[in-house]
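>>> coordinates for the following, if possible.
(2 chains, ligands or ions: 2)
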Amino acid sequence: MRKLERKKAWLNDIPVAKYEQPIHSPILEIQNVSFGYPDKQATLNNVNLTIHRGEMVSIVGANGTGKSTLGKLICGFEKPISGTLLFNGKNGNNDSLKMRGEQVGFVLQNPNQMFSKHIVQEEVGLGLLHKEVSPDEVKLRVEQTLKVCGLYPFRNWPISALSYGQKKRLSIAAILVMEPSILLLDEPTAGQDYKHTTELMTFLESLQTQGITIILITHDMHLMTEYTKRAIVLSGGQIIADDSPAKILANTELIERANLKQSSLHALATTLHITDHERFVEKFIQFDREVRLNEQ
Amino acid sequence: MSNELLSFIERDSVIHRLNGATKLICFILLSSAAMLSYDTRVLLFIVFVSVIIFILSKVKIREIGFILGFILFFLILNNIAIYLFAPQHGTLIYGASHQIIEGIGRYSLTWEQLFYQLNITLKYIAVIPPALLFIVTTHPSEFAASLNRIGISYRLSYSVSIALRYIPDIQRDYKTIAKSQQARGIDMSRNEKLGKRIKNASSILLPLILSSLDRIETISNVMELRGFGKRKKRTWYSYRKFARRDMIAISMSLIIFGMMIVFMFLNNGRFYNPFS
Ligand SMILES: Nc1ncnc2c1ncn2[C@@H]1O[C@H](COP(=O)(O)OP(=O)(O)OP(=O)(O)O)[C@@H](O)[C@H]1O
Ligand SMILES: [Mg+2]
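Ligands and ions are numbered 1, 2, ... in the order given. Now for the predicted structure:
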């Protein structure tokens, strides 16, 4: 029992950072949007969602519930059958892909669906060449982005020679370099090792502080809890929850319904007989971050 | 969004219910009849049969519209080329020359040439529906089973069906890549000049085809690991027994093929000559 007391004391000692609510100005409003692929029943059913400027939001849910489909609608790859998407309050239903692409950067789930060039560097620079950016600046921005994504040493490699994890990071780099105001990433950390995951996520956090809105589609419950303050749960083409990750993971019925998996931290809390999972997880993450910061 | 080109279209029709092997045999018989014969009467009859088959299949023109347009384009191109390179070929064949319009040098338009090119066009029209229908009404797996059924080695049959199976995949990938490129500012819509568009499109298509070819090797390794090709024979999951309608369909195709042969003897050759 003494051990347990000590653990609790330790837990109480960890300070929890105050979370500041972002200024509530909606950047993206999805209103009554429904969508279905041809010859199939509806994939998305009357989805309503508002995303605010500077938010980092995660979208979670079982395989095949329509997360990527929602992403495709947001970035204009598919058009809704009914409903509207508002960008900065303006109806974007009739935007061309190119116009939408200037606002939303979409990193597809499958990196192979994003490349058309042969060499890593060329692929990253491709989007910039079609904008009015001076060649010097293109070079600079490409190099910076490659460094951020840990691909700088591979800049002259053929894309086909990259590993899956590297290709995934290349697809992120190709979008990051465009500096869109909304960044939509479909499973950015799938197939990434721990080091690259934290590097990437830390970078995304720094983007967020610069006011960029970030939407993450993920299956990683820990990622969701650690990096996002708000999570959207999709199930059967509908939003069934929109809450803080900790609250969502504490709701066993919801977890069951959306095929989510409790993160191991929650399991650990249960084993330690800690009832306040939410606070435990929060504190663990805080501690983990401090340790990581001290290491650097 | 349009359907994928040249992929299986699921529907319940007499044609869909036919055995894959039956469809293959009928297709070979009908198309070789149309290929061999230049007899307008035979061709017209095959066109007539083709149209009926098409209606029976319940496939809509819209669903194969793009590919039809593509073929039509080649048909016109072919006709123009024939006229440019052999404007008097009809006269040569039919041994007569009835001029309609006088032209420069050999480019005088004759009824014989017109008739000859009409027959070429009829050939196309006779062959297109069975060929397209065969592809869109036969499930790739069943197609493999039927190829194997008519004596082709199952390894080869399977390769062909995998190739067919990948057509829609590649098309879908192509569309997604094109969209992700457009979102990055590479214009591929009608606003862009045609030359640029073709260049942009090919810059996607080429790597895509190459990576698909790469995938073939991976897949064949994986299949080998799973024991594919170890035995001389295999069973087919989507194998169908021959039914009475299969016998009827094959008999009818045989009759048409036989008719074509009979007309060949009657004409003393492949051409029907109304001019002599
Ligand atoms: N191009 C397409 N054509 C037809 N149906 C599709 C297409 N893409 C997806 N679907 C279907 O739409 C549904 C939702 O797919 P989606 O890719 O959005 O799921 P997801 O939530 O992203 O799943 P995952 O977690 O596996 O990535 C699935 O049932 C899928 O079969
Ligand atoms: Mg997905």
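>>> for the rest of this, base every contact and every neighbour count on C-alpha atoms.
OK.
>>> which parts of chain B are helices?
Assigned by DSSP state H, chain B shows helices spanning B:14-17, B:20-36, B:40-57, B:65-85, B:89-94, B:111-137, B:140-149, B:154-183, B:194-225, B:244-267.
>>> any chance of a markdown table for those, columns mean pLDDT, distance to A:H24 and mean neighbour count?
Below are those laid out as a markdown table (pLDDT from 0 to 100; distance: least, Cα to Cα, whole Å; neighbours: other Cα atoms under 10 Å in any protein chain shown):
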| stretch | mean pLDDT | distance to A:H24 | mean neighbour count |
| --- | --- | --- | --- |
| helix B:14-17 | 90 | 57 | 19 |
| helix B:20-36 | 91 | 61 | 22 |
| helix B:40-57 | 93 | 57 | 18 |
| helix B:65-85 | 90 | 48 | 14 |
| helix B:89-94 | 88 | 78 | 17 |
| helix B:111-137 | 90 | 53 | 21 |
| helix B:140-149 | 83 | 53 | 23 |
| helix B:154-183 | 84 | 27 | 18 |
| helix B:194-225 | 80 | 41 | 14 |
| helix B:244-267 | 93 | 68 | 16 |
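>>> TSV please, covering the ones you listed and showing distance to ligand 1.
Shown next, in TSV, are the helices of chain B (distance: least, Cα to the nearest ligand atom, whole Å):
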stretch	distance to ligand 1
helix B:14-17	22
helix B:20-36	26
helix B:40-57	23
helix B:65-85	19
helix B:89-94	50
helix B:111-137	18
helix B:140-149	18
helix B:154-183	7
helix B:194-225	17
helix B:244-267	33
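>>> closest to A:K147 out of those helices?
A:K147 sits nearest to helix B:154-183 of all the helices of chain B, at 22.7 Å, using Cα to Cα.
>>> any weak-confidence spans in the stretch 101-250 of chain A?
The model of the stretch 101-250 of chain A has no residue with pLDDT under 70.
>>> contact residues of it facing chain B?
Counting by Cα under 8 Å from any Cα of the partner chain, the residues of the stretch 101-250 of chain A close to chain B are A:101-102, A:105-106, A:113-117, A:126-127, A:130-131, A:175, A:178.
>>> let's go with 10 Å and repeat that
Within reach of chain B by Cα under 10 Å from any Cα of the partner chain, the stretch 101-250 of chain A has these residues: A:101-108, A:111-118, A:126-131, A:160, A:174-175, A:178.
>>> buried members of the residues you listed into PyMOL, please.
Selection of buried members from those for PyMOL, criterion 16 or more other Cα atoms under 10 Å in any protein chain shown:
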select buried, chain A and resi 101+102+103+104+105+106+107+108+111+112+113+114+115+116+117+126+127+128+129+174+175+178
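>>> hmm, who's touching stretch A:128-143?
A:121-127, A:144, A:146-149, A:151-152, A:155, A:173-179, B:184-187 (Cα atoms under 10 Å, 6 or more residues apart in numbering or on different chains).
>>> may I see the buried residues of it?
A:L128, A:L129, A:V138, A:R141, A:V142, A:E143.
>>> just to revisit the earlier point, return the subset of the residues of the stretch 101-250 of chain A next to chain B lying in helices.
Per DSSP H, those map to helices at A:G101, A:E102, A:Q103, A:L126, A:G127, A:L128, A:L129, A:A174, A:I175.
>>> show me where the stretch 1-150 of chain A has helices.
A:2-13, A:67-74, A:97-103, A:120-129, A:135-148 (DSSP state H, counting those that start in this stretch).
>>> I'd say B:S211 and A:S160 touch.
Yes. If you go by Cα atoms under 10 Å, B:S211 and A:S160 touch, sitting 8.6 Å apart.
>>> who touches both of the two?
Common neighbours of B:S211 and A:S160 (Cα under 10 Å, 6+ apart) are A:N112.
>>> need the max-distance pair from the buried residues of stretch A:128-143.
Taking Cα to Cα, no two of these sit farther apart than A:L129 and A:E143, at 14.4 Å.
>>> sorry, back to before: near ligand 1, which of the residues of the stretch 101-250 of chain A next to chain B show up?
Among those, no residue lies close to ligand 1 (Cα under 6 Å from any ligand atom).
>>> over in chain B, which residue gets nearest chain A? Let me know.
When scored by Cα to the nearest Cα, chain B has B:A183 as its residue closest to chain A, at 4.2 Å.
>>> closest to the centroid, which residue in the chain?
Since no chain was named, I'll use chain A. A:L216 (1.6 Å; Cα atoms, centre = their mean).
>>> so that residue belongs to a strand, correct?
Yes. Checked against DSSP: H, G, I helix; E, B strand; the rest coil, A:L216 lies within a strand.
>>> could you measure it against A:D186, distance?
Distance of A:L216 to A:D186, computed by Cα to Cα, to the nearest Å: 6 Å.
>>> how close does A:I212 sit to A:I27?
Taking Cα to Cα, one finds A:I212 at 10 Å from A:I27.
>>> ends of stretch B:82-96, how far apart?
Terminal-residue distance, stretch B:82-96 (Cα to Cα): 18 Å.
>>> circling back to that earlier point, dump the helices of the stretch 1-150 of chain A to CSV, plus distance to A:P80.
Output for the helices of the stretch 1-150 of chain A, formatted as CSV (distance: least, Cα to Cα, whole Å):
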stretch, distance to A:P80
helix A:2-13, 48
helix A:67-74, 7
helix A:97-103, 14
helix A:120-129, 26
helix A:135-148, 33
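>>> so which bits of stretch A:277-296 are buried?
Under the neighbour-count criterion of 16+ other Cα under 10 Å, stretch A:277-296 has A:H277, A:E278, A:R279, A:F280, A:V281, A:E282, A:K283, A:F284, A:I285, A:Q286, A:F287 buried.
>>> chain neighbours aside, what residue packs nearest to B:S253?
Excluding the flanking residues, the one nearest B:S253 by Cα to Cα, 6 or more residues apart in numbering or on different chains is B:C26, at 5.6 Å.
>>> oops, could you answer that again for B:R155 instead?
That would be B:G229: by Cα to Cα, 6+ apart, it lies 6.8 Å from B:R155.
>>> surely that neighbour and B:N221 touch.
No. Shown here, B:G229 and B:N221 do not form a contact pair, counting by Cα under 10 Å, at 11.3 Å.
>>> what sits up against stretch B:208-215?
A:112-113, A:115-116, A:160, B:166, B:169-171, B:173-174, B:177, B:202, B:205-207, B:218-219, B:221.
>>> quick one: the strands in chain A, in order.
A:26-35, A:44-52, A:56-61, A:82-87, A:90-91, A:104-107, A:182-186, A:213-217, A:230-235, A:238-243 (DSSP state E).
>>> now render those strands as CSV, adding distance to A:I74.
Listed next are these as CSV, based on distance: least, Cα to Cα, whole Å:
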stretch, distance to A:I74
strand A:26-35, 8
strand A:44-52, 11
strand A:56-61, 13
strand A:82-87, 7
strand A:90-91, 12
strand A:104-107, 8
strand A:182-186, 9
strand A:213-217, 10
strand A:230-235, 15
strand A:238-243, 15
